[in-house]
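In: One predicted model, sequence on top.
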Amino acid sequence: MALLITDDCINCDVCEPECPNDAIYMGPEIYEIDPNKCTECVGHFSEPQCQQVCPVACIPFNPAWRETPEQLQAKYERLQAEAGKPS
């Protein structure tokens, strides 16, 4: 599943640069995560980096966007191919 940022976000700017897939962006009021780009850092790291750096723990798993590890790996490989990077 992808991650999401709740309205507890304080816009501290630490999560956005940590995302290896550029899935985090500034929304109208708080940061948001594009679930089409979020791989929970599969393929890059063993744990989601945004969750690791968030000072208010406002980045849970998105229950509306469930994906298996295999689906996350496939998404990672697709994103890498689209970016022209070797996976």
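Out: Received the coordinates, thanks. Numbering: from 1, shown residues only.
In: In this structure, where is pLDDT below threshold?
Out: Low-confidence segments of the chain (pLDDT under 70): 87.
In: What backbone torsions are found at the residue most central in space within the chain?
Out: The centre of the chain sits closest to Cys38, judged by C-alpha atoms, centre = their mean, with a distance of 3.8 Å. Note on Cys38: its backbone torsions stand at phi -80, psi 120 [degrees, to the nearest 10].
In: Same check on Leu3?
Out: Dihedral angles (degrees, to the nearest 10) for Leu3: phi -100, psi 160.
In: Count the neighbours of it for me.
Out: Neighbours of Leu3 under the rule other C-beta atoms under 10 Å: 23. For the C-beta atoms, the positions are set from N, CA and C on the backbone; glycine is no exception.
In: what's near enough to touch it?
Out: Leu3 makes contact with Ile33, Cys38, Glu40, Pro48, Cys50, Gln51, Ile59, Pro60, Phe61, Asn62, according to C-beta atoms under 8 Å, 6 or more residues apart in numbering.
In: I'd like the residues you listed as TSV, with distance to Tyr76 appended.
Out: Below are the contacts of Leu3 laid out as TSV (distance: C-beta to C-beta, whole Å):
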residue	distance to Tyr76
Ile33	15
Cys38	10
Glu40	9
Pro48	13
Cys50	15
Gln51	17
Ile59	18
Pro60	20
Phe61	17
Asn62	17
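In: Would you mind writing the PyMOL command to select the buried ones in these?
Out: To isolate the buried members of these in PyMOL, using 16 or more other C-beta atoms under 10 Å:
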select buried, resi 33+38+40+48+50+51+59+61+62
